[in-house]
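[1] give me the fold of what follows.
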Amino acid sequence: MRITRAAPGGSTLRAGKGINVPDTRLDIGVVLKIETAQAFRNLPQLC
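    Coordinates of the predicted model:
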């Protein structure tokens, strides 16, 4: 991956932000977004 634009001296990816990687194959397996405590408690049943 190549960063093509950033502030002089670098940039920080803040919480709640993300990056887009269109047309890119990512071999990372399953990704789950857990938003509530109940979802976290139910995690063993989801996998």
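
[2] where does the chain dip in pLDDT?
    For the chain, the stretches flagged by pLDDT under 70 are 1, 45-47.

[3] where do the helices sit along it?
    Assigned by DSSP state H, the helices in the chain fall at 37-41, 43-46.

[4] dead centre of this protein: give me the residue that sits there.
    In the chain, the residue lying closest to the centroid (CA atoms, centre = their mean) is G18, at 6.2 Å.

[5] could you check how far that one is from K33?
    To K33, G18 is 11 Å away according to CB to CB, to the nearest Å. For every residue, glycine as well, the C-beta is placed using N, CA and C.

[6] on that earlier part again, mean neighbour count, the helices of the chain: which tops it?
    Neighbour counts (mean count of other CB atoms under 10 Å) averaged over each of the helices of the chain peak at helix 37-41, with a mean of 10.

[7] circling back to that earlier point, now render the helices of the chain as CSV, adding distance to R14.
    Shown next, in CSV, are the helices of the chain (distance: least, CB to CB, whole Å):
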stretch, distance to R14
helix 37-41, 23
helix 43-46, 26
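
[8] to G29, which of those helices lies closest?
    Using CB to CB as the measure, helix 43-46 is the one of the helices of the chain that comes nearest G29, at 13.8 Å.

[9] who's in contact with R5?
    If you count contacts by CB atoms under 8 Å, 6 or more residues apart in numbering, R5 has none.

[10] measure it to S11 for me?
    R5 sits 9 Å away from S11, going by CB to CB.

[11] and the residue nearest to the centre of the chain, what does it touch?
    Taking CB under 8 Å, 6+ apart, we find G18 in contact with no residue.

[12] got it, and I3?
    Listed by CB under 8 Å, 6+ apart, I3 has no contact partners.

[13] state the phi and psi torsions of the residue of the chain positioned farthest from its centre.
    For the chain, the largest distance from the centre (CA atoms, centre = their mean) belongs to P8, which lies 24.4 Å off. Backbone torsions of P8, given as degrees, to the nearest 10, read phi -60, psi 130.

[14] that one and G29, how far apart?
    Distance of P8 to G29, given as CB to CB: 36 Å.

[15] repeat for G10
    According to CB to CB, G10 stands 30 Å off from G29.
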